Structure formats: C-alpha cells, structure tokens
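Chemist: What would the 3D arrangement of this be:
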Amino acid sequence: MAGRTGWAGLTKPEWEVRKKEQIARLADIRANHPRQIIPEHELEVAAAELDRSSSQVRRMLNQWDPAPLRPPLWVFAPWLLSLYYAHGWLKSLHQDLLQTRAELAAAGSEVPRELRDVPTDYVTFWRSFDRLPKRIKEFGHRGAPGLRRRFVYLIWQAKERNEIWQADCCRLDIWILPRGCAKPIRPWLIIFLDDCTRMVMGAMLCLSQPTAEEVGAACVRAMRRKPTPIPGVWFGGRPQVVLWDNGAEFVAHLITLLAARLGFVGRAVARATPTKKGKVERFFGTFQRWVLWQLPGYSKGPRSYTDRDVFKGKLSELLDEDQLWAHISERIDFYDFERPHTAHGKRSPLWKWSNDTTPLDEVPMEDMRFALLLSKIRKRAHPNGIEHRNQFFVSLDGAYDDLVGEWVQIATLPHDLSFIEVFDSDGKWVCTAYPQGTFSPEQAYELDARRRRQYRPLIEAVEEAHGLHVARAEAQDASTGAMPGLVATALSRRTQPVTRKVAPTAPAQPTVPDDGWLDASHRAAEQGRAPLASSGASEDRA
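Modeler: Got it, this is the predicted structure:
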C-alpha cells in the first residue's frame, strides 16, 4: 500500500479507538449470525479500516473479543458427533470429511451445507472441536460413559423396604473351569437388590449369558421367604416395582408374564442410563473388587509374560461352579448381615431391614410355581425317587406313586436343593418332592405303610390268579381233556364258599422225664449247637 504509515494515517491512540470499534462490530456480527461466523466481506472492510490483513484482524478478534468463542453450529450436527465418536481421532475424521466432499463434488452431486462448512485447514477444524464443552469432548473420547461423568445427578432412595428392587446381571472378572469342561470360562451373576436397605434379595450364578428362564428362577428365589440371624426376622416377599435394563433376558415375554402373575411392576430404565439403577451397578463394582481379587483366575490380576492374557495358572487350580458359588454365597450373607454400609451410618443392611416396620407381602408357593415352570429339566421317575445333583427326591403325598417309571419334568430354585417341583410330561404340576434322608421316622413309617397298603391287593390278585389256574386244571375233563375258561372258573369259585386253610397244629409232645441228658440236649438246641449225644454214647448209657 503506497501511503501506508502503519496506523492508517492516524495516531496510535486514534488507531486503538478505531480498532476497538471494528472488533466490537465484528463480535456483534458473529454473535448475531445463525452459524456463529463472520462473513469474509466484513473481515475485508475491517482490514481496510485498520490497514491490516484479514488474518491479522481475525487474530485481533480472537484476542480482544470480550465474549468467549463459540464453536460453529456445524460442529453440533448429530451426524458429525456420531462420526466423532466412531472415529475417535479428529485427524482421521477430518480426512474422511474432505474426501467425501471431494467425491461428491467430482460426481456432480449436491454437497450438504454441513459438509461445505468444514474447513480445509486441519488446525481450524481442530480449534472448532476444541471449543466444544468438556462433556461433548468426553463423549468423543469415551462414548456414553464419558458423557455421563460430566452430568449432574440427584440421589434418590426408596422410603421403605420392598418398595423398589433393582436387578441386573454382570459377567464376573474371574475364570473358572466347570465340571466336564476342558476350557475355562467367565461366569455371569444375577442380582436382585432392595433399593432402600441394600439387601441382596436373591442371586444366581450362570455359566453363560443368562436367559429369561434363569432370570425368572432368580426372581422367585429372591421373593421366597428366607431366615436371618435375628430370631423372628425374615427377608423376601413381593416387591412393588423391579427396575432392570433393556437386556433381552429382562424384557422377554416370559418375564412380563411372570411380573403379571406374581403381582409386581417390571420397569425397564431408559437405554444407556445405568444411573437409574446405580445401586446394583455399584454393588457389582464393590463385590468384584472385594470378593474375586483373592481367588485364582481373577481376570484383572497378573498378566502373562506376553501381556496379552491374564495369568490363570494351572487349570487344576481354577475353581468350578460349585466352589465359586459357595464362596459367593458366603460373601453375600456377610454383606447382608454383617458388613457395614455407608448409606446406613456404618451399619449393616440387616439392621436397616429389621428396623423397617413396613409389612411384608409373602408370595404363596402356588404363584411361584409358574416361574419354576419356565425352567424345566427332563428326568426319569425311579422307584428310589428322582435323581438330581446326586440326590433322590420323593413325595410323601402319594402323587409320585403314579409317576414311577415315567418321564417327568422338574423345576428347582437356583442353588437350592431343599425341594423340587415335579410336573408331568404335559407340564401340569403333580407334587413337591423332598430329598431322601430329610424325613422324620414317622414320615418314613407312613410312606412304608402306604406302600404296603398298595402292595397287598396286588399280591392277593396274584394269589387268586394262581388259584384260578389250579382250579381250572382240577376241572379238566378226563375223557376229552377240555378245561373250562378262566372266566367261568372265576365265577364258579365266587359261588363256592371260601375255605381258608388252617395251619396244622403240632402234635403234643410226650412227657419225658428230666434225666439231665435231655435237659442238656435242649439247652444245646436253644444255643444253636448239635446235641452232644451219639449212638455209641446211647448204647453205653443203656
């Protein structure tokens, strides 16, 4: 510029005043623009007034603008935010956007406005994203978990026990070797937690991802009446509402029928909102760090020498499902009855449960059988009972007697061998069977007496059939050899008077004088020994 003096023909104080006016004007234009940008012709006007270039004016604006810089509107487009999370790296996202825009332009297609606004310079593109709020940048780096960490939540808790339960399933951070398996697996755990007292109402260990049948069985176990160390206090009963996520095992049709049958409301929380059931989520985090880290096969323990896999040690050192469940159940009882909880002032959940006077609604076993019907095992009914987990189960009410030798279906509560429910092949409930060895002497005697009562008519029928064959053979015609029919023989025997056979009485023994030898012979016979006398000795005595 020919007449340029560096200050647009003004003194420096006058130029500073003009600079503030131009910067304020550009900031106002940008604030009122729908896309939060400054048109290029406005930058050129300000550059001419200040005798500077457009890039210098833009730098001045960024340094002296009293309002914070806002990212352009194109950055907030939902499709671009999803691409931001999918790529996870702004450099690759910028290259992908420019390449797509060039391909659309080369093909003669219309380029969307959001794609036209993407700057070609990567530094400008990076600065646009750097102006985003921190929660959106966390979303781009870590997805939904990072986004949730930047929001504010209010703590909410149920006011009384059994008002709200929270349910969830989680894959445990431990490798086990189940019975009959050659490769280790990571099991799953289903938990039902009371929102008010933090009591673990029910739990179930699964070798694979839980199904709707297993969730229903765990729900019945949670509602069943269970004792506590405090006499007269039990926990369980029917909840009012159960919160769970949108997993297929919880939103299945069978679980909806179960909720309607047992009389509670099953409510699925919104997707990607684990904070709606944060208490059970927190329980899983605490439980895994507190219980599993000391066990062999812990998946977050030492790594192998290649650092690609967890160090599991020898397969023989890993636990099986029974050993793991024994350890988990013992720790859950300790958590419920003894472990202090910060939400209760360093007191146990049992203390909170026992001090709550809300009446409990006990669920009848007839209603819970519907859930047991969802998970059935096919078994053969043997004379000794139904074999399940190395135990034989029989019924005392006599309904099992008609099933001996037939195929039946049984249903059990998870990790509970105190009883089984028996169904016929059509799915109709028949009886409740209990393991042998748990009956009292009176119950065992009644079972044996019932069998004898059922056995006696059959034995009499067998004897009668044998008598029919004998009578038929006696009535055979000697000349023709023809024998009457069995029906005719049976009718003739019914018309004849019944003569019972009388056991012959033993003849009276003659009175023998007691001469000492006879007495010794009798005593030897009573003691099971042969008499000491022989023929030679008799002759000598004679």
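
Chemist: So which bits of whatever helix or strand residue 328 lives in are buried?
Modeler: Here residue 328, judged by DSSP states H and E, is contained in helix 321-337. Using 16 or more other Cβ atoms under 10 Å as the test for burial, helix 321-337 gives 321, 324, 325, 327, 328, 331, 332, 335, 336, 337. Placement of C-beta: from N, CA and C, glycine included.

Chemist: Could you dump those residues into TSV and include pLDDT and distance to residue 238?
Modeler: Below are these laid out as TSV (pLDDT from 0 to 100; distance: Cβ to Cβ, whole Å):
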residue	pLDDT	distance to residue 238
321	91	30
324	94	30
325	93	26
327	93	30
328	94	25
331	94	26
332	95	21
335	95	23
336	95	19
337	95	22
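
Chemist: Mind listing what's buried along stretch 436-456?
Modeler: In stretch 436-456, counting by 16+ other Cβ under 10 Å, buried: residue 447.

Chemist: Check stretch 103-118 too.
Modeler: Residues of stretch 103-118 classed as buried: 114, 115, 118 (neighbour count, 16+ other Cβ under 10 Å).

Chemist: re earlier: could you pull out the buried residues of the next helix or strand after the helix holding residue 328?
Modeler: In the C-terminal direction, the helix or strand that comes right after helix 321-337 (DSSP H and E) is helix 349-354. Along helix 349-354, these residues count as buried under the neighbour rule (16+ other Cβ under 10 Å): 349, 350, 351, 352, 353, 354.

Chemist: And stretch 284-300, by the same measure?
Modeler: For stretch 284-300, a neighbour-count test (16+ other Cβ under 10 Å) marks 284, 287, 288, 291, 292, 295, 297, 298, 299 as buried.

Chemist: Could you identify the most distant pair in these?
Modeler: The most widely separated members of those are 284 and 297, with 17.9 Å between them, by Cβ to Cβ.

Chemist: Name the residues of stretch 396-413 that come out as buried.
Modeler: 396, 400, 401, 403, 408, 409, 410, 411, 412, 413.

Chemist: Likewise for stretch 259-267?
Modeler: Buried-residue list, stretch 259-267, by 16+ other Cβ under 10 Å: 259, 262, 264, 266.

Chemist: Now do it, average pLDDT.
Modeler: Across stretch 259-267, the average pLDDT comes to 91.

Chemist: Any stretches of the stretch 351-500 of the chain with poor pLDDT?
Modeler: Within the stretch 351-500 of the chain, the segments meeting pLDDT under 70 span 370-375, 414, 472, 475-500.

Chemist: Now do the helices in it.
Modeler: Along the stretch 351-500 of the chain, counting by DSSP state H, counting those that start in this stretch, helices occupy 365-372, 441-474, 486-495.

Chemist: could you dump the ones you listed to JSON lines with distance to residue 148?
Modeler: As requested, the helices of the stretch 351-500 of the chain are arranged in JSON lines below (distance: least, Cβ to Cβ, whole Å):
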{"stretch": "helix 365-372", "distance to residue 148": "33"}
{"stretch": "helix 441-474", "distance to residue 148": "57"}
{"stretch": "helix 486-495", "distance to residue 148": "85"}
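
Chemist: mind checking which of those helices is nearest residue 272?
Modeler: Among those, helix 365-372 comes nearest to residue 272, with 29.1 Å by Cβ to Cβ.

Chemist: could you measure residue 466 against residue 26, distance?
Modeler: According to Cβ to Cβ, to the nearest Å, residue 466 stands 119 Å off from residue 26.

Chemist: Could you dump the buried residues of stretch 103-118 into TSV and include distance to residue 274, secondary structure and pLDDT?
Modeler: Putting the buried residues of stretch 103-118 into TSV (distance: Cβ to Cβ, whole Å; DSSP: H, G, I helix; E, B strand; the rest coil; pLDDT from 0 to 100) gives the following:
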residue	distance to residue 274	secondary structure	pLDDT
114	32	helix	71
115	35	helix	78
118	34	coil	81
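
Chemist: from these, which is closest to residue 62?
Modeler: Closest to residue 62 out of the buried residues of stretch 103-118 is residue 118 (19.8 Å), distances taken as Cβ to Cβ.

Chemist: what about the closest one, distance to residue 30?
Modeler: 18 Å.

Chemist: Now do the SS call for residue 189.
Modeler: Recorded secondary structure, residue 189: strand (DSSP: H, G, I helix; E, B strand; the rest coil).

Chemist: residue contacts, it?
Modeler: Residues in contact with residue 189, defined by Cβ atoms under 8 Å, 6 or more residues apart in numbering, are 169, 170, 172, 203, 204, 205, 206, 284, 328.

Chemist: Emit the ChimeraX select command for whichever of the residues you listed are buried.
Modeler: Buried residues within the contacts of residue 189, by 16+ other Cβ under 10 Å, are selected in ChimeraX with:
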select :169,170,172,203,204,205,206,284,328
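
Chemist: Among the contacts of residue 189, which one sits closest to residue 274?
Modeler: Relative to residue 274, the closest of the contacts of residue 189 is residue 284; by Cβ to Cβ it sits at 10.2 Å.

Chemist: what's the helix or strand for the closest one?
Modeler: Residue 284 is located in helix 278-291, with elements delineated by DSSP H and E.

Chemist: Who are the packing partners of that helix?
Modeler: In terms of contacts (3 or more Cβ pairs under 8 Å, 6 or more residues apart in numbering; DSSP states H and E), helix 278-291 is packed against strand 164-171, strand 188-194, helix 321-337.

Chemist: Who are the packing partners of the longest one?
Modeler: Of the remaining helices and strands, those touching helix 321-337 by 3+ Cβ pairs under 8 Å, 6+ apart are strand 200-206, helix 278-291, helix 349-354.

Chemist: switch to 10 Å and redo it
Modeler: Secondary-structure packing of helix 321-337 (3 or more Cβ pairs under 10 Å, 6 or more residues apart in numbering; DSSP states H and E): strand 188-194, strand 200-206, helix 278-291, helix 349-354.

Chemist: before we move on, back to that, could I get the contacts of residue 189 in a markdown table, plus columns for distance to residue 219?
Modeler: Shown next, in a markdown table, are those (distance: Cβ to Cβ, whole Å):
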| residue | distance to residue 219 |
| --- | --- |
| 169 | 12 |
| 170 | 16 |
| 172 | 20 |
| 203 | 11 |
| 204 | 9 |
| 205 | 15 |
| 206 | 14 |
| 284 | 18 |
| 328 | 18 |
